[in-house]
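# okay, here's the prediction I keep looking at, along with the sequence it came from:
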Amino acid sequence: MTIHGDHPFMDAESERKPVRRFRGRLPSPVGLWTSSYGGTRAGLTVSSMLVADGDPGIVVGLIDPDSDLWETLRSAKTAVVSLLGGPHQQLADAFGYVAPAPGGPFRMIDWTDTDWGPAPVGVTTWAGCRLVSDAPPEVGWSLQVHLEIAHVELLPDDQPALIHRRGRYIAL
């Protein structure tokens, strides 16, 4: 058995598209978007996202149109957007579907049911959001989903932020 320093599911850098490589050099926050509808929970790790201040504030994220999250979010019209910290790398991998999660990623930690969907216990920063449009524009391979921020939870935060850069997580 050999242990490699590279990600086992990632194409070699020279084989990736130049735009993907360009985007990969931008440090991105690691968010976990979760939603629930009719007893079904869905979630997805999202690093292609930004938050725009305003009245109301907006979260914009690029979401896979074939993901379970999009199907559930489109029905529920609400979501929780959590900002993950250094201790949550395994959770990010599980919801990004690049690491095993026996029984599913929702079994990895405890959750609090909110008016917007499930919020992970132990995450210090999250927002409860409402879907702006269930027909968002396509951008590249994804949908440009806009969520209106209805509630923000900011607990004391002494853990390093988790960011994504060049296919790797870095705790700042």
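All right, it came through fine.
# check which residues of the helix or strand where Gly128 lies are buried.
For Gly128, the enclosing helix or strand under DSSP states H and E is strand 125-131. Judged by neighbour count (16 or more other C-beta atoms under 10 Å), strand 125-131 contains these buried residues: Thr125, Trp126, Ala127, Gly128, Cys129, Arg130, Leu131. From N, CA and C alone the C-beta is placed, and that goes for glycine too.
# I'd like the distance from the host helix or strand of Val19 to the chain centre, please.
Counting by DSSP H and E, the element that carries Val19 is helix 18-24. A distance of 19 Å separates the centroid of the chain from that of helix 18-24, by C-alpha atoms, centre = their mean, to the nearest Å.
# packing partners for that helix?
Of the remaining helices and strands, none touches helix 18-24 by 3 or more C-beta pairs under 8 Å, 6 or more residues apart in numbering; DSSP states H and E.
# now that helix: average pLDDT?
Mean pLDDT, helix 18-24: 78.
# one step back: could the buried residues of strand 125-131 go into a markdown table alongside pLDDT and distance to Pro100?
Output for the buried residues of strand 125-131, formatted as a markdown table (pLDDT from 0 to 100; distance: C-beta to C-beta, whole Å):
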| residue | pLDDT | distance to Pro100 |
| --- | --- | --- |
| Thr125 | 96 | 27 |
| Trp126 | 98 | 25 |
| Ala127 | 98 | 29 |
| Gly128 | 98 | 29 |
| Cys129 | 98 | 29 |
| Arg130 | 98 | 33 |
| Leu131 | 98 | 30 |
